[in-house]
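J.: would you be able to build a 3D model of this:
(chains A and B)
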Amino acid sequence: MDSAASALKSWWHRMGSPRSFYAIAERAAPWFLGVGVAAIVVGLVWGLAFAPPDYQQGNSFRIMYLHVPTAILAQSVYLMIGAAGLVLLVWRMKLADMLIVAAAPFGLAMTALALITGAIWGKPTWGTWWVWDARTTSMLVQLFLYFGLIALRQAIPREETAGRACAILAVVGTVNIPIIKYSVDWWLTLHQPSTFKLTEAPSMPPEMYLPLLVSVIGFYALFGGLAFARTANVILERERATQWVRALVRSRAQ
Amino acid sequence: MSFDSLSSFLDMGGHALYVWSAYGIGVLVIAANLIAPAVTRRRFFATEGERLRRSEVSEDEVKS
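T.: Numbers count the residues shown, from 1 in each chain, chains lettered A, B, ... in the order given. Just a heads-up that it's a prediction; the model follows:
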C-alpha cells in the first residue's frame, strides 16, 4: 500500500514537472495526432459515402458526423479545463495553468464548428439557420466562455495572476456544461436528444452510428495530440531561461 | 457505397451546398489547428537558437 502511494506520489510530481512532462508530451503528440487524423478521415468518409441516408432528412443528416463530435469535444475540453483550473487553485501546479492555455484554442474551434455545422444543418432540416432555444443559446454561452478565457489571459500581464483568474473562470464556467447537456430534456426545443447514452442502445442502426463513434474517438485523439503539442510549446516558451531548454535549443541548432 | 454514381455523391440528394460547405469549413478548421502548433514550435527553435548564438558571440567578444 505504501509503495503504491509513493509510486502515485512520484508520478504526480513527474507529471507536475514541466521538464518531464515535456519529454512525455513530445513523444506522445505524434501518435495521438496520427491516430486522431486517421480515425477522423475514416469516420467522415464512412459517414459521407457509405452510411445509409436518413429516411426523413435524406443526405443532409451526414453533417451529423462532423457536428456531433465537435459538440461533444466542445464540452469535454471545457471539463478538462475546469478540472485543470481546480488543480491550479488547490495545488498551484504550474502545469495545470499551461494545460488551460494549450486547450482553450481547440475548445474554441470545436465550439465554433459545432455552432456553424449546426446552423448549416438546421437550414434544410428546421427551415432556419438559428433558433434562440436552450441548446443553441447555452452553446453560444460556451463559445463566449472560451473567448473569455483567452481574452482574460491576454488582458492580465502578470502570469500568475492571469493563471489564477483564468482558473476561477474555468471552474465557475463548468456550470454551463450540465445546462448544455440537459437543455434538450428540460426545455422544449427543436434540437434532437443525445445520440449516445450510457444507459440505452443508440436509436440509430449500426451502419449509421459506427462511423459516428469512429469520428468521435478520432476527435478525442486529435485533442489529446494537440493538447500535448501545444503544452510542449507553452513549456518551451516559459522555461526558455532554464538550462535544459537552452541545451535543447543548442542541440537542435547544430 | 450508399450512392450509385460520383455525381449523385456530389449532389447529396440536393443538399450538396449544406453538406459540402459544412465539411469544407470543418477540414479548414482542423487543418489550421494541426498547422498552428507546428509553426509555433519551429519559430521558437529558430528565434531562440538565434538569440542564444548572438548572446554567446557577444560574451566571446567581452572575453577577448
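J.: need the helices for the chain, in chain order.
T.: Assuming you mean chain A. Secondary structure of chain A, counting by DSSP state H: helices at A:2-16, A:18-45, A:64-91, A:94-126, A:134-155, A:159-173, A:176-186, A:206-238, A:243-253.
J.: other chain: chain B
T.: Under DSSP H, chain B gives helices at B:6-11, B:16-63.
J.: okay, those in TSV with mean pLDDT, distance to chain A and mean neighbour count next?
T.: For every residue, glycine as well, the C-beta is placed using N, CA and C. Below are the helices of chain B laid out as TSV (pLDDT from 0 to 100; distance: least, Cβ to the nearest Cβ, whole Å; neighbours: other Cβ atoms under 10 Å in any protein chain shown):
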stretch	mean pLDDT	distance to chain A	mean neighbour count
helix B:6-11	88	6	12
helix B:16-63	91	4	14
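J.: so which of the ones you listed gets nearest residue A:250?
T.: Residue A:250 sits nearest to helix B:16-63 of all the helices of chain B, at 6.5 Å, using Cβ to Cβ.
J.: how far out from the middle of the chain is the closest one?
T.: 8 Å (Cα atoms, centre = their mean, to the nearest Å).
J.: now the angle between helix A:243-253 and it, please.
T.: Calculated by axes from the mean of the first three to the mean of the last three Cα atoms, to 10 degrees, helix B:16-63 forms an angle of 100 degrees with helix A:243-253.
J.: before we move on, back to that, would you mind putting the helices of chain B into JSON lines with distance to residue A:242 alongside?
T.: Conversion of the helices of chain B to JSON lines gives the following (distance: least, Cβ to Cβ, whole Å):
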{"stretch": "helix B:6-11", "distance to residue A:242": "54"}
{"stretch": "helix B:16-63", "distance to residue A:242": "12"}
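J.: out of these, flag the one nearest residue A:227.
T.: helix B:16-63 (9.8 Å).
J.: helices or strands up against the closest one?
T.: When contacts are defined as 3 or more Cβ pairs under 8 Å, 6 or more residues apart in numbering or on different chains; DSSP states H and E, helix B:16-63 sits against helix A:18-45, helix A:64-91, helix A:94-126, helix A:206-238, helix A:243-253.
J.: check the average confidence over the second one, would you?
T.: Helix A:64-91 shows a mean pLDDT of 95 in the predicted model.
J.: from the contact counts, what lies against that helix?
T.: When contacts are defined as 3+ Cβ pairs under 8 Å, 6+ apart, helix A:64-91 packs onto helix A:18-45, helix A:94-126, helix A:134-155, helix A:159-173, helix A:176-186, helix A:206-238, helix B:16-63.
J.: mind listing what the residue nearest the centre of chain B touches?
T.: In chain B, the centroid-proximal residue (Cα atoms, centre = their mean) is residue B:35; its distance is 1.9 Å. Contacts for residue B:35 were tallied using Cβ atoms under 8 Å, 6 or more residues apart in numbering or on different chains; there are none.
J.: need the contact list for the nearest residue to residue A:108 once chain neighbours are set aside.
T.: The shortest distance from residue A:108 to any non-neighbouring residue, by Cβ to Cβ, 6 or more residues apart in numbering or on different chains, is to residue A:146 (3.9 Å). Applying Cβ under 8 Å, 6+ apart to residue A:146 gives the contacts A:78, A:104, A:107, A:108, A:111.
J.: contact partners for the first one?
T.: Yep, that's residue A:78 we're talking about. So residue A:78 contacts A:107, A:142, A:145, A:146, A:170, A:173, A:174, A:176, A:177 (Cβ under 8 Å, 6+ apart).
J.: about what we covered before: tabulate the helices of chain A (a markdown table), appending distance to residue B:31.
T.: A markdown table is the format used below for those (distance: least, Cβ to Cβ, whole Å):
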| stretch | distance to residue B:31 |
| --- | --- |
| helix A:2-16 | 30 |
| helix A:18-45 | 10 |
| helix A:64-91 | 14 |
| helix A:94-126 | 11 |
| helix A:134-155 | 20 |
| helix A:159-173 | 27 |
| helix A:176-186 | 27 |
| helix A:206-238 | 11 |
| helix A:243-253 | 25 |
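J.: confidence-wise, which of these is weakest overall?
T.: Note on the helices of chain A: lowest mean pLDDT is at helix A:2-16, with a mean of 77.
J.: now do that helix: which elements does it pack against?
T.: helix A:18-45, helix A:94-126.
J.: distance check, residue A:13 against chain B.
T.: 26 Å (Cβ to the nearest Cβ, to the nearest Å).
J.: what number of residues lie near that residue?
T.: Neighbourhood size, residue A:13 [other Cβ atoms under 10 Å in any protein chain shown]: 11.
J.: for residue A:101, same thing?
T.: 23.
J.: just give me the residue right at the centre of chain A.
T.: Compute the mean C-alpha point of chain A, and by Cα atoms, centre = their mean the closest residue is residue A:77, 2.8 Å away.
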